[in-house]
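> Predicted structure and sequence below. I'll ask about it afterward.
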Amino acid sequence: MSSTCPSSRWGHVAVAIDEKMLLWGGKATREATGEKFYCSSDRIECLNLETSEWSRKRAISKIADSDAPHPCVHAQVGVVHNRDIYQFGGVYNSSCDGLRLYFDDIHKLDGSTLEWECIRPSDQSTPTGRRNHGMCVLGKKGDECLVVMGGFGTETPEGSHFIPYSKYPDRGWNNDVWLFSLRKRIWIPARCTGENPQPRSAHSFTAIDTNRAVLIGGSDGTRLFNDAFVFQLSSMEWIQVHTDGPHRLLPLAGHSTTVAHISGLGPSAIVLWGETDDNAVVSFAQLILIDSLQCYKVALAHTTIRTAFQSTCSLSRDDVLFLLRFGGTNDFKTWKPVALLDILKFDLKSDGLKSVSGTSSSRAPISLELESCPLPCQIADPHDAE
C-alpha cells in the first residue's frame, strides 16, 4: 500500500475506470484539532485494484483555470460515460461568514488525461444549484443525456414541487427532473407523468438500462423515505415500486445503490449502507427485482458498518461484481468521517445472489482475490416474518 492514502471524508465522488478507483472532493476532519476542511477537486486519489496501491494525481484544466470545478465543494454527484466523468452540483459552506454556494455547473473529467473541462450549455435554461441530488446517464447511443433528479438547494422555478427549509425559506428540497443532452449541450426540463416522488435529497438514482433508472429512499429534512420508483425516459413516466409486506425497504438516506443483472433474477438493485433510524450494524443487503417490482432482504457473508454519504463505485469482472466503498460518516452531530475502505464481491453467474466480502482499513493492504463462499446468500421468503 502506498503511503499516500487519502484523507477520510464524506460527500465526495468515487468512480471506477480500468481497474482503478478515482475519488476527489468531499469534506474531512483534522484528527488533531477537529477542524473541518475541504478536499480539493484537483487532487485525484487513485486506488490501483491490481496492485492495491494508492497514488495521488493532479488534475489540470483543459484550457483555462475556469474549466476546473470550485476547489472547495462537497455533495456533488459524478457519473461515468465513455471514460469521461461528468460532475454536476454540490455546495460550498463557509465556516467564517455562513456563505453557502450551490453550484449549477457541469464539469467533465477526462478519465485518461485527468483534464477538467467546464461544459457550458448552449442556452440559458439551467436547473438551480443543488446538492445531494440524483444523477445518471440514459439514452440511446449517440443521444445520451444526464438525468438529474431532486436534491437540496436554491428555490426551483414555478411548476416544480418545492419544500422550503424552515430556517432559510429560499432553499429546500425539490423533485424536478432535468435532462442535459451531451450531444447538443442543452438543458431540457422534463414534464413527468405517473407517480411522482416527493421532493427529497440524499436519495440514490441509478441507471437500469438505456431507458430506465431506479430511485430509492432519501430525506426531506423531517423523515427518511422507504420508497422506490422507476423512471422511464421514453415516456417521462414515474412508476412506484410497491414494497408492502414483511420486506419493505428500510428508511434510508445517503445510501448506495448498484444495479446488476443477476442470473435467474434479471436486473436488480442492490441497496447497501446509508443513514437509518437507528444506524445499526447490519448483515443484509436489500434487493429490488426491477422486472417484478419486488423487494427482498439478502444475507451477506459478514456484518457491515452503516455509513452515510460515502461514495461507492462498482466494477464487473468475469460475472463478478465488486462494490467499493470509501469513507462516509455515521455521526450526524459532528459529521466526523469514518476511516473505511470496504470491498464487497458478488457472484452474478449462479442463480440467486452469492456474496463474498472483505473489509480493510484505508491504510491496510487490499486484496481482490477473496476466498469463494461455498453457499449462496439466502433470499428470504417474502411471506416470512422479520
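Received the coordinates, thanks.
> wait, what's in contact with Glu237?
Shown in contact with Glu237 (Cβ atoms under 8 Å, 6 or more residues apart in numbering): Cys192, Thr193, Gly194, Phe231. Where C-beta positions appear, they are placed from N, C-alpha and C, glycine not excepted.
> ranking the residues you listed by neighbours, who comes first?
Greatest neighbour count in the contacts of Glu237, by other Cβ atoms under 10 Å, goes to Phe231: 28 neighbours.
> That one and Asn211 touch, don't they?
No - Phe231 is beyond contact range of Asn211, at 9.3 Å (criterion: Cβ atoms under 8 Å).
> how much space between Ser292 and Ala207?
To Ala207, Ser292 is 19 Å away according to Cβ to Cβ, to the nearest Å.
> And for Ser311?
17 Å.
> Outline the domain layout of the protein.
Residue ranges for the domains of the chain, per automatic domain parsing: 1-120, 131-241, 254-386.
> which regions of this protein sit below the pLDDT cut-off?
Within the chain, the stretches with pLDDT under 70 are 1-4, 63-65, 95-98, 157-160, 243-247, 279-281, 283, 301-303, 350-386.
> if we go to 50?
The chain contains residues with pLDDT under 50 at 1-2, 245, 356-357, 359-386.
> returning to what we had before: okay, Ser292 and Ala207: which has more neighbours?
Using other Cβ under 10 Å, the more surrounded residue of Ser292 and Ala207 is Ala207, with 19 against 11.
> State the helix or strand in which the residue nearest to the more buried one when sequence neighbours are not counted lies.
Using Cβ to Cβ, 6 or more residues apart in numbering and skipping residues adjacent in sequence, the residue nearest Ala207 is Cys136, 4.2 Å away. Take DSSP states H and E as the rule and Cys136 turns out to sit in strand 134-138.
> quick one: contacts of that strand?
Taking Cβ under 8 Å, 6+ apart as the rule, strand 134-138 contacts 77, 79-81, 86, 88-89, 144-151, 203-207, 210-213, 215, 233.
> Quick one: distance of that strand to the chain centre.
Offset of strand 134-138 from its chain centre (Cα atoms, centre = their mean, to the nearest Å): 10 Å.
> Next secondary structure element downstream of that strand?
Using DSSP H and E, the helix or strand that follows strand 134-138 towards the C-terminus is strand 145-154.
> buried set for whatever helix or strand comes next after that following strand?
Next helix or strand after strand 145-154 toward the C-terminus (DSSP H and E): strand 162-164. Neighbour counts over strand 162-164 (16 or more other Cβ atoms under 10 Å) mark Phe162, Ile163 as buried.
> Send over the strand holding Cys136 as CSV, restricted to the C-alpha atoms.
Extracted in CSV, the C-alpha atoms of strand 134-138 (Å, rounded to 0.1, in the frame of the first residue of the first chain):
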residue,chain,number,x,y,z
GLY,A,134,-29.5,12.1,-8.1
MET,A,135,-27.9,11.8,-11.5
CYS,A,136,-27.4,9.1,-14.1
VAL,A,137,-26.8,8.7,-17.8
LEU,A,138,-29.7,7.5,-20.0
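> Only the buried residues of that strand, if you could.
By 16+ other Cβ under 10 Å, the buried positions in strand 134-138 come out as Gly134, Met135, Cys136, Val137, Leu138.
> and the closest residue to Gly139 other than its chain neighbours, what are its bridge partners?
Computed as Cβ to Cβ, 6+ apart, the closest residue to Gly139 that is not its neighbour in sequence is Cys145, at 4.9 Å. Here Cys145 shows beta-bridge partners Leu138, Ser181, assigned using DSSP bridges.
> Now do the strands in the stretch 251-386 of the chain.
Ranges of strands within the stretch 251-386 of the chain are 256-262, 266-272, 282-289, 294-304, 311-317, 320-326, 341-347, 354-360, based on DSSP state E, counting those that start in this stretch.
> Need those in CSV (columns: mean neighbour count and distance to Lys57).
Putting those into CSV (neighbours: other Cβ atoms under 10 Å; distance: least, Cβ to Cβ, whole Å) gives the following:
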stretch, mean neighbour count, distance to Lys57
strand 256-262, 21, 25
strand 266-272, 21, 28
strand 282-289, 20, 32
strand 294-304, 18, 30
strand 311-317, 19, 17
strand 320-326, 22, 16
strand 341-347, 23, 18
strand 354-360, 18, 22
